[in-house]
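Student: I would like the atomic coordinates for the input below:
(chains A and B)
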Amino acid sequence: MTGLEPVGLGLVLLWGTLVGVDLASWPQMMLARPLVAGAVTGLLVGDPAAGLLVGGVLELFALDVLPIGASRYPDFGAGSVGAVAVAAGAPLGGRLGLAVAVGLVAALAARHATEWVRRANADAARRAETALAAGDPAAVGRLQRSGLARDAARAAGVTGLAMGLALGVRSAPPLDPALAQALALIAVAGGVAAAIHGAIRTASQGGRLAWVAAGLAAGGLLLVWR
Amino acid sequence: MTGRLRALWRLTALQASWNYERMQGLGVAWATLPLLAPLAARDPARYRAAVARSTGFFNANPYLAGAAVGAGAHEELAGAPGAAVERLRTALCGPLGALGDQLFWMGTVPGLAAAALGAVALGAGWWAPLTAVALHAMFRFRVSAWALDVGLHHGAGVGARIQQSWLPRSVEWAGRGAAVLVGLAIPLAAGWLLADAPTQRRWLAVALALVFYRLMGRLAGRLSAVELTLAAMLLTFLWHWSTA
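Tutor: Residues are numbered from 1 along each chain as shown, chains lettered A, B, ... in the order given. The predicted structure is shown next:
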């Protein structure tokens, strides 16, 4: 696995930054979904299977998130990038639990960093109050550009944190296999619980519980049939 | 590039300066500027007042916000009173937020993500999530362009026009589709992720997922799945360390 050498590392950091910015600022194209972020990271570091596996677990957690308005929610995108870097090159699933842990820690850090960016944006707008009240279009442009730059810095910082954790985990002695399996099992169970929680909560609001139940039944049957 | 295309491009960064006071207000102003260009030459004072108005509080679904941007510009160019333009923007926040959030955040986005996850669990490769991105991008840009055009053409009548359109009907179907796809993806993903685990360990994972689910219900709002999972991992790690 060579994807974590300097050139690959730079590409991964760049990708993580784009993924982080995509969540809310630009262009909101689902790049921040963990499965997408993980799949592309897997390709970048030369281990697509690890990208899909880690992205798949984190996607289950993301299905519990409703990114609406001023709500505060974890940002899984940039964390997924670091999480894949933990698992890449290891036997499939061997570092899954630790990888998911890194992704979840980064997702929580990203949530706090997002709040900082939003407060900093408000401060900047307050400082430009006079220009905005006078209808200065240049002031609007400056605020938009500085907001985007702040979010890019946040995303790069979170990706850097996740990559730092990933490199730390990779350089540490390997976990006892029993502990590694237990952590992976907890990660998958937590993801499944989150996805079910998200599905039921959303469906309850729209009176669509029967549709979720139909999907669960169909998925279960398909699983047994295969 | 025409004013409409520039506005459409700028709508992709609607939330770049999102903040707790004006929320999407500055993004709306940024997207509105190209549409107000004719006013800048015709009546600079009115242009400045219109720009100032457009920076006020706004919050709706970002993919549908173009309707408010277009309608606001339409009314400004038509010379509507400033207070009426502000009322229109405020009135559009609720419906555009509710419809867009249901269509995208509770519909197509989780639906496509779940479809991709299910496909990967069934053996599809990296192309499955990238296909979801492509489908989402096509739909999202098409809807954003449609919303902007409806606003530009109908001005203050944009709300009524949207209510008569395909949008309210599609919200229900998008929600149902997402509910089925997310339901479908969960067992498939669990089966895939635990494929190499022995049967006993799989049942342990199911039991643990149920415990997590119950705890999330009990601790509603205080601890998320993320925090619960990290706590369980930490406890397991400490227990293993202390007994090793």
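Student: where does chain A have low pLDDT?
Tutor: In the predicted model, chain A carries pLDDT under 70 at residues A:1-3, A:7, A:69-70, A:93.
Student: skipping adjacent residues, who's closest to the residue of it found nearest chain B in space?
Tutor: Per CB to the nearest CB, residue A:215 is where chain A lies closest to chain B, at 2.2 Å. (C-beta placed from N, C-alpha, C; glycine too.) Leaving aside its chain neighbours, residue A:215 sits nearest to residue B:183 (2.2 Å; criterion: CB to CB, 6 or more residues apart in numbering or on different chains).
Student: for that neighbour, give me the pLDDT.
Tutor: Here the pLDDT value assigned to residue B:183 is 98.
Student: can you check residue B:146 too?
Tutor: At residue B:146, pLDDT is 98.
Student: assign a three-state SS to it, would you?
Tutor: Look at residue B:146: counting by DSSP: H, G, I helix; E, B strand; the rest coil, its state is helix.
Student: OK, contacts around the residue of chain B found nearest chain A?
Tutor: Proximity of chain B to chain A (CB to the nearest CB) peaks at residue B:183, 2.2 Å away. Counting by CB atoms under 8 Å, 6 or more residues apart in numbering or on different chains, residue B:183 makes contact with A:199, A:211-219.
Student: and the strand or helix carrying it, which residues are buried?
Tutor: Using DSSP states H and E, the element containing residue B:183 is helix B:167-193. Residues B:167, B:170-171, B:174-193 are the ones in helix B:167-193 that count as buried (16 or more other CB atoms under 10 Å in any protein chain shown).
Student: please enumerate the helices of chain B.
Tutor: For chain B, the helices defined by DSSP state H occupy B:3-11, B:25-32, B:37-42, B:44-54, B:66-77, B:82-100, B:109-121, B:127-154, B:158-163, B:167-193, B:199-218, B:225-243.
Student: so how far is the first one off the chain centroid?
Tutor: How far helix B:3-11 lies from its chain's middle: 19 Å, per CA atoms, centre = their mean, to the nearest Å.
Student: any idea how far residue A:217 is from the residue nearest to residue A:215?
Tutor: 8 Å (CB to CB, to the nearest Å).
Student: looking at chain A, which residue lies furthest from center?
Tutor: Relative to the centre of chain A, and counting by CA atoms, centre = their mean, the farthest-placed residue is residue A:134 at 39.5 Å.
Student: quick revisit: pick the one among the contacts of residue B:183 closest to residue B:77.
Tutor: Proximity of the contacts of residue B:183 to residue B:77 was ranked by CB to CB; the top entry is residue A:211 with 44.1 Å.
Student: tell me which element the closest one falls in.
Tutor: With elements taken from DSSP H and E, the one containing residue A:211 is helix A:209-225.
Student: now do that helix: distance to the chain's middle.
Tutor: For helix A:209-225, the separation from the chain centroid amounts to 27 Å (computed by CA atoms, centre = their mean).
Student: now do it against helix B:109-121, angle only.
Tutor: Angle, helix A:209-225 to helix B:109-121, by axes from the mean of the first three to the mean of the last three CA atoms, to 10 degrees: 10 degrees.
Student: before we move on, back to that, and the residue of chain A closest to chain B, how far from residue A:73?
Tutor: Note on residue A:215: its distance to residue A:73, by CB to CB, is 23 Å.
Student: more neighbours, these two?
Tutor: residue A:215 (27 against 18; other CB atoms under 10 Å in any protein chain shown).
Student: now do the helices in chain A.
Tutor: With DSSP H, the ranges of helices along chain A come out as A:6-22, A:34-44, A:48-62, A:76-87, A:96-127, A:129-133, A:137-171, A:177-206, A:209-225.
Student: relative to residue B:47, which of the ones you listed is closest?
Tutor: helix A:137-171 (8.6 Å).
Student: the closest one near chain B anywhere?
Tutor: Yes: using CB under 8 Å from any CB of the partner chain, helix A:137-171 comes into contact with chain B via A:137, A:140-141, A:143-148, A:151.
Student: closest one of these to residue B:44?
Tutor: Within the residues of helix A:137-171 next to chain B, proximity to residue B:44 (CB to CB) peaks at residue A:137, which comes in at 11.3 Å.
Student: surely that closest one touches residue B:51?
Tutor: Yes: counting by CB atoms under 8 Å, residue B:51 is a contact partner of residue A:137 at 5.5 Å.
Student: re the thing from before, buried subset of the contacts of residue B:183 as a ChimeraX selection?
Tutor: Typed into ChimeraX, the line below selects the buried ones among these, using 16+ other CB under 10 Å:
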select /A:199,211,212,213,214,215,216,218,219
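Student: tell me the buried residues in stretch A:80-96?
Tutor: Buried residues in stretch A:80-96 (16+ other CB under 10 Å): A:80-90, A:93-96.
Student: stretch B:8-26 now?
Tutor: Here stretch B:8-26 shows B:8, B:10-19, B:22-26 as buried, counting by 16+ other CB under 10 Å.
Student: now the end-to-end length of that stretch.
Tutor: Using CA to CA, to the nearest Å, one end of stretch B:8-26 lies 15 Å from the other.
Student: now it: mean pLDDT?
Tutor: Stretch B:8-26 shows a mean pLDDT of 97.
Student: what does the domain assignment say about chain B?
Tutor: Under the assignment automatic domain parsing, the domains of chain B span B:3-193, B:196-244.
Student: do the last one and chain A meet at all?
Tutor: Yes: contact between domain B:196-244 and chain A is present through B:196-197, B:201, B:204-206, B:208-210, B:212-213, B:216-217, B:224-230, B:232-233, B:236-237, B:240, B:244 (criterion: CB under 8 Å from any CB).
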